[in-house]
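curious how this folds, go ahead:
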Amino acid sequence: MKLLYRSLILLTAIVFGNLNGNAQNLKIDIKLENVSDSSAYLAHYLDGRIFADDTTKLVNGAGIFQKDSLLDQGIYVVYLPSKKYFDLLLGDDQEFSIHSDSKEFVNNLKISGSKESEGFADFQKFMKAKNENSKKLQEEYKSKADDEKAMAEYKELFKKADLEVKAYIKSLNEKFPAPSFVSAFANFTLSPEAPNFSKSIAADFPDRDKEIKLRNYLWTKDSYLSSLNPADDRYLRTPLLKNKLAFFFEKILIQQRDSIVKESIKLIEQARPNKKAFQYYTQYAINYAIKSKIMGVDAAFVDLAKRYYLSGQATWADSTLMANIKERVIKLQYNLLDMKAQDLALETIDGEFVKLHEMDANYTVLYFFETDCGHCKKVTPRLKPEILDAYKDLGVQIVAVYTQQDKDAWQKYLEDNVLYDFINCYDPNYQSNFRIFYDVYSTPTIYLLDKNKKIVAKRLDIENLKGFLDHERKRKAEKS
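Residues are numbered from 1 along each chain as shown. Purely as a prediction, here's the structure:
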């Protein structure tokens, strides 16, 4: 097991309000041996970065962090300009002293005056020793790849080391019960281990392997963040939370709208009693959804934005952010996967009008382009041979929508590229709202619709379009 500490960026001072509301002060005397730096920073972790809360001058390695109020509890870092640092837990008692040596900050760390901070320092030492031993065992284990007996022995050593870590953390739970953050954070460093479901499922169970995978997934999804209390904002100020959330959202959750929305709401609602936590988890979930490169996850953004931002619950959002979110929702809500595509009434090169929903095809490739778009010039010539002709058996039709107004330039483009096998159309007066309905902010933009004009895929390149059509061909062959 590893503590996922990262090298982080020191930013400007951000100091949050007093969590405890009492009259205590922050006063931390530090003495660091073998330090040439002339200053030191006390900073807290937040969202994968560190933010400075205080600074002190060092005279012969000695200094003092001092404030007239307490800092919010959590994991902090004492950071030197030389980029050396060590972690520190701030709990209820924030008046204590630190002594260490820059040759090995963690192993030499001694804290006097705060049992919680001292307990965390001891935990760091224990984990550092275990990590070093684990690394050594891993290297030895690799060298025994041809010796089955030796490998089995090393596996037992790994199990023993894991049990020792769990036993140590159990002792912390007894020594530092709630509301202390020492044991809470130590438990948060653990990754839950799924039961062996193969032992509880009969050998003749239908689709046994599939059932084992399903139960393992459901258990992992429900258990991975079980040691996290979202309403406790101390977890925000740790070096682990961002990585844990990233793994949960990216590696554990199924990358589909319903799964992401359901688990996001669960996390956000658990955090609701705490304003800072509520804001953090809401922002995290909506940012994950809008930044995802996986097709269809943008629907989760729309759902979460409507639920928390457009409803007025995101009181921290300023007018600019709200305007940006509202604009993205408007542009995405009409073209989500599995929705019926918005109908378009468009004009052909001959001045006639066609409607998207009246076009009869098993699959419709909706292609938005410009005549002077460099990327369009590469994509357009490939559409007929690689899509229209190659997938003729699927009944593919290409609707090419020219997004500008220059009819002469458009007609010349059609002639130069011999695009007469497409349904060529445009909207010279911008009456169809195609830019809004299909989120056409750049070209080329490609959608794939099925026979009922339902959106199968969106914002495709040629290779991805081929992949979807290959999948449809395979699915059709399997049915027949």
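
from residue 387, how far out is residue 349?
From residue 349 over to residue 387 the distance is 21 Å, taken as CB to CB, to the nearest Å. (Glycine included, C-beta is placed from N, CA and C.)

more neighbours, these two?
Legend: neighbour count by other CB atoms under 10 Å for residue 349 and residue 387, higher for residue 387 (22 against 15).

show me what contacts the more buried one?
365, 396, 398, 462, 465, 466, 469 (CB atoms under 8 Å, 6 or more residues apart in numbering).

narrow the residues you listed to those in helices?
462, 465, 466, 469 (DSSP state H).

could you flag which of the residues you listed are buried?
465, 466, 469 (16 or more other CB atoms under 10 Å).

mean confidence score for stretch 132-143?
In this model, stretch 132-143 has a mean pLDDT of 88.

quick one: buried residues of it?
Neighbour count says stretch 132-143 has 134, 141 buried, by 16+ other CB under 10 Å.

from the chain's centroid, how far away is that stretch?
Stretch 132-143 sits 31 Å away from the centroid of its parent chain (CA atoms, centre = their mean, to the nearest Å).

now residue 100: which helix or strand?
strand 95-101 (DSSP states H and E).

for that strand, which positions count as buried?
Taking 16+ other CB under 10 Å as the criterion, strand 95-101 shows 96, 97, 98, 99, 100, 101 as buried.

what of stretch 444-463?
444-450, 453, 455-460.

adding pLDDT, distance to residue 132 and secondary structure, write those out as TSV.
What follows is these, written out as TSV (pLDDT from 0 to 100; distance: CB to CB, whole Å; DSSP: H, G, I helix; E, B strand; the rest coil):
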residue	pLDDT	distance to residue 132	secondary structure
444	96	54	coil
445	97	53	strand
446	98	53	strand
447	98	54	strand
448	98	53	strand
449	97	58	strand
450	96	57	coil
453	97	61	coil
455	97	53	strand
456	96	52	strand
457	96	49	strand
458	96	50	strand
459	95	48	coil
460	95	49	coil
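
and which of those is nearest residue 115?
residue 459 (55.7 Å; CB to CB).

pretty sure that closest one is touching residue 445, no?
Yes: counting by CB atoms under 8 Å, residue 445 is a contact partner of residue 459 at 6.3 Å.

joint contacts of these two?
residue 439.

residue contacts, residue 313?
Per CB under 8 Å, 6+ apart, neighbours of residue 313: 282, 307.

same check, this time on residue 232
Counted by CB under 8 Å, 6+ apart, residue 232 has contacts 184, 274, 277.

for those, which one is nearest residue 374?
residue 277 (46.4 Å).

circling back to that earlier point, can you tell me which of the buried residues of strand 95-101 is nearest residue 139?
Distances from residue 139 to the buried residues of strand 95-101, taken by CB to CB, are shortest for residue 101, at 27.5 Å.

how near is that closest one to residue 60?
13 Å.

repeat that for residue 426.
In terms of CB to CB, residue 426 sits 77 Å off from residue 60.

try residue 121
Counting by CB to CB - residue 121 and residue 60 are separated by 22 Å.

which one's more surrounded, those two?
residue 121 (22 against 9).

who's in contact with the more buried one?
Per CB under 8 Å, 6+ apart, neighbours of residue 121: 88, 89, 106, 109, 110, 111.

check it and give its pLDDT.
98.

what angle sits between the one helix or strand it maps to and strand 95-101?
Here residue 121, judged by DSSP H and E, is contained in helix 115-143. With axes from the mean of the first three to the mean of the last three CA atoms, to 10 degrees defining the directions, helix 115-143 sits at 30 degrees from strand 95-101.

ranges for the helices of the protein?
115-143, 148-175, 181-188, 208-223, 241-247, 257-271, 275-291, 298-304, 319-332, 374-383, 407-417, 434-437, 462-479.

from residue 295, how far off is residue 454?
14 Å.

cool, and residue 93?
With CB to CB as the criterion, residue 93 and residue 295 are 51 Å apart.

that older thread, any idea which of the contacts of residue 387 is closest to residue 208?
For those, the nearest to residue 208 is residue 469 (34.5 Å; CB to CB).

my guess is the closest one meets residue 392, correct?
No: counting by CB under 8 Å, residue 469 does not reach residue 392; the two are 10.9 Å apart.

so who does the nearest residue in space to residue 411 that is not next to it in sequence touch?
Distance criterion CB to CB, 6 or more residues apart in numbering; nearest residue to residue 411, sequence neighbours excluded, is residue 349 at 6.0 Å. Going by CB under 8 Å, 6+ apart, residue 349 touches 407, 410, 411, 414, 424, 425.

and these, which are buried?
410, 414, 424, 425.

just flag the most distant two among these.
Maximum distance among the buried ones among the contacts of residue 349 (CB to CB): 11.0 Å, for 414 and 425.

residues contacting the spatially closest residue to residue 361 that is not a sequence neighbour?
With CB to CB, 6+ apart as the criterion, residue 361 has its nearest non-adjacent residue at 3.5 Å, and that residue is residue 397. By CB under 8 Å, 6+ apart, the contact list for residue 397 reads 359, 361, 363, 364, 365, 388, 423.

list just the nearest of these to residue 155.
residue 363 (52.2 Å).

just checking, which of the contacts of residue 397 belong to strands?
Among the contacts of residue 397, DSSP state E puts 363, 364, 365, 423 in strands.

about what we covered before: save the buried residues of strand 95-101 as CSV, and put in distance to residue 194 too.
As requested, those are exported to CSV (distance: CB to CB, whole Å):
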residue, distance to residue 194
96, 40
97, 44
98, 40
99, 43
100, 39
101, 42
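
got TSV for those residues, with pLDDT and distance to residue 259 too?
As requested, the buried residues of strand 95-101 are exported to TSV (pLDDT from 0 to 100; distance: CB to CB, whole Å):
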residue	pLDDT	distance to residue 259
96	97	45
97	98	49
98	98	45
99	98	49
100	97	45
101	96	49
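
tell me how far the nearest residue to residue 144 once chain neighbours are set aside lies from residue 159.
Leaving aside its sequence neighbours, residue 144 sits nearest to residue 150 (CB to CB, 6+ apart; 4.0 Å). For residue 150, the distance to residue 159 equals 15 Å [CB to CB].

nearest residue to the middle of this structure?
What sits nearest the mean C-alpha location of the chain, by CA atoms, centre = their mean, is residue 246, with 4.2 Å.

check contacts around residue 365.
Residue 365 neighbours (CB under 8 Å, 6+ apart): 383, 387, 396, 397, 398, 399, 446, 447, 448, 449, 465.
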